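Visitor: Let's see this in three dimensions:
(chains A, B and C)
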Amino acid sequence: RRREMAKSTQLTQLIDNEVFRAYATYTAIVLLKMMLMSLITAYFRITRKAFANPEDTATFGKGESAKKYLRTDPDVERVRRGHLNDLENIVPFVGIGLLYALSSPQLSMALLHFRVFTGARILHTFAYLIPLPQPGRGLSWAVGYLVTFSMAYNVLKAVWLL
Amino acid sequence: RRREMAKSTQLTQLIDNEVFRAYATYTAIVLLKMMLMSLITAYFRITRKAFANPEDTATFGKGESAKKYLRTDPDVERVRRGHLNDLENIVPFVGIGLLYALSSPQLSMALLHFRVFTGARILHTFAYLIPLPQPGRGLSWAVGYLVTFSMAYNVLKAVWLL
Amino acid sequence: RRREMAKSTQLTQLIDNEVFRAYATYTAIVLLKMMLMSLITAYFRITRKAFANPEDTATFGKGESAKKYLRTDPDVERVRRGHLNDLENIVPFVGIGLLYALSSPQLSMALLHFRVFTGARILHTFAYLIPLPQPGRGLSWAVGYLVTFSMAYNVLKAVWLL
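Guide: Okay, here's the model as predicted:
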């Protein structure tokens, strides 16, 4: 019983830490944003009738008549590129951000990193899907990239100075 | 020496926590399942002789005779779509699940989330590779998606109520 | 104030642990290496003038004259395959490696796992981009795969023996 309580106290302390709480909030937000891309892909696949699997077209008829829906569509491909770009950039943020949150940064600096990254990735999605003229998408990508790079630098500095 | 011991005690406590142990078990299982997709892709590439890189076809002959193996194959592409779908869905589970496990959920609720997600993703793989008629794959995808969404909701609630 | 100090002590302890510090170092390195793939893709897209989005070609002219740069290029596709392979293999390393680092492994064993994986993935990138003849790339992939598998085995053993 007492051992049990000690354990839950322990775990509570991590989520109790203000920097870790900020990390949890913004990581949940960017991962939910990334998950939203699946729904947008499904929306465009259904409205554009453009599918990748034969079994997905069965509701539109049988045999040859359904085959024509096995195709790529520019809007679907655009959302999919945005989704893959999220994976390529949000995975490093989640991994390096966790290490950064555990390296005892100042709360204000941590919030700055997490918020700028989250804002940049939301802008990147709008820039990709509208689409905005370049360098709109390029800049929003670069801002998120540099924030993650800055966190990695702080992690390595903290680890090597210990 | 004593400081060293204090440290290892600390780390043991996290893995000692029942919710975290459940998280570790199911995260290891779904990530191993995702890794299995690489082996299945390799199996289909070799049996279907369908490769993406010229250097991979060198064992089948030189020059023009090997070039015909640089092609896409429906079975290979199907496994690759399943692998990408895993990445898109298992990455949010691993990231949000960690935060959820640290937010002091009830053990029974945590086990329910982790087990339903793991089961849904295993079903999704079978539905994709056999393939099962829709909505088999769609439903297994949606169940995993909703579990991750529910964990994210619990994380944000726990963080904002503190 | 005192509670605040207790919290930061707590967090410092995790990054203070030698195994966790090793995990932080090598995770930051492999994630930075993965992020480098974005820059290499951008470099080849610009030098080969091969883009995926119409808005990216606007600086090369308007209308039909820019359309010819909307194409795939073998060098661009090669880097993109390397990037996706990183995602497929580095995501399991980061997730399973965290659990492994928290399962109180011996420091020497942990360093061996992290260093061999990091070396294998750096070799894999060179083997993919040069490209080296097979089985260069295949072997470097397999070494990283087996290291991650070994960590997963140790995590499940540690969790189930507790």
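
Visitor: for chain C, what are the nearby residues on chain A?
Guide: Where proximity means C-beta under 8 Å from any C-beta of the partner chain, the interface of chain A facing chain C comprises A:13-14, A:16-20, A:78, A:81, A:84, A:87-89, A:91-92, A:95-96, A:98-99, A:102-104, A:131-134, A:137, A:145, A:148-149, A:152, A:155-156, A:158-160, A:162. All C-beta atoms are positioned from the backbone trio N, CA, C, and that covers glycine.

Visitor: try 7 Å this time
Guide: Chain A comes close to chain C at residues A:13, A:16-17, A:81, A:87-88, A:91-92, A:95-96, A:99, A:102-104, A:131, A:133-134, A:145, A:148, A:152, A:155-156, A:158-159, A:162, as judged by C-beta under 7 Å from any C-beta of the partner chain.

Visitor: Please pick the buried ones from the residues you listed.
Guide: Neighbour-count burial (16 or more other C-beta atoms under 10 Å in any protein chain shown) applied to the residues of chain A next to chain C gives A:13, A:16-17, A:87-88, A:91-92, A:95-96, A:99, A:102-104, A:131, A:145, A:148, A:152, A:155-156, A:158-159.

Visitor: Select from these every entry located in helices.
Guide: A:13, A:16, A:87-88, A:91-92, A:95-96, A:99, A:145, A:148, A:152, A:155-156, A:158-159 (DSSP state H).

Visitor: farthest-separated two in these?
Guide: Farthest apart among these by C-beta to C-beta are A:13 and A:88. That separation is 33.2 Å.

Visitor: need the helices for chain A, in chain order.
Guide: Secondary structure of chain A by DSSP H: the helices cover A:2-16, A:18-48, A:64-67, A:74-101, A:107-129, A:136-161.

Visitor: lowest-confidence stretch among those?
Guide: Ranked by mean pLDDT, the helices of chain A end with helix A:2-16 at the bottom, a mean of 56.

Visitor: residues from chain A in reach of chain B?
Guide: Residues of chain A found near chain B, taking C-beta under 7 Å from any C-beta as the criterion, are A:7-8, A:10-12, A:14-16, A:21, A:24-25, A:27-28, A:31-32, A:34-35, A:38, A:52-53, A:55-56, A:58, A:83, A:87, A:91, A:94.

Visitor: List the contacts of stretch A:72-83.
Guide: Applying C-beta atoms under 7 Å, 6 or more residues apart in numbering or on different chains, the external contacts of stretch A:72-83 come out as A:37, A:40, A:41, A:44, A:45, A:48, A:50, A:125, A:128, A:129, B:88, C:52.

Visitor: rerun at 10 Å
Guide: Taking contacts as C-beta atoms under 10 Å, 6 or more residues apart in numbering or on different chains, the residues outside stretch A:72-83 that touch it are A:34-52, A:124-129, A:131, A:137, B:84, B:87-88, C:52-54.

Visitor: Residue A:90: what's it in contact with?
Guide: For residue A:90, the contacting residues are A:27, A:30-31, A:33-34, A:97, A:117-118, A:121, A:144, A:148, B:91-92, B:95, by C-beta under 10 Å, 6+ apart.

Visitor: Over to residue A:19?
Guide: Counting by C-beta under 10 Å, 6+ apart, residue A:19 touches A:100-111, A:114, C:7-8, C:11.

Visitor: how about the nearest residue to it, chain neighbours excluded?
Guide: In space, and not counting its chain neighbours, residue A:19 is closest to residue A:110: 4.7 Å by C-beta to C-beta, 6 or more residues apart in numbering or on different chains.
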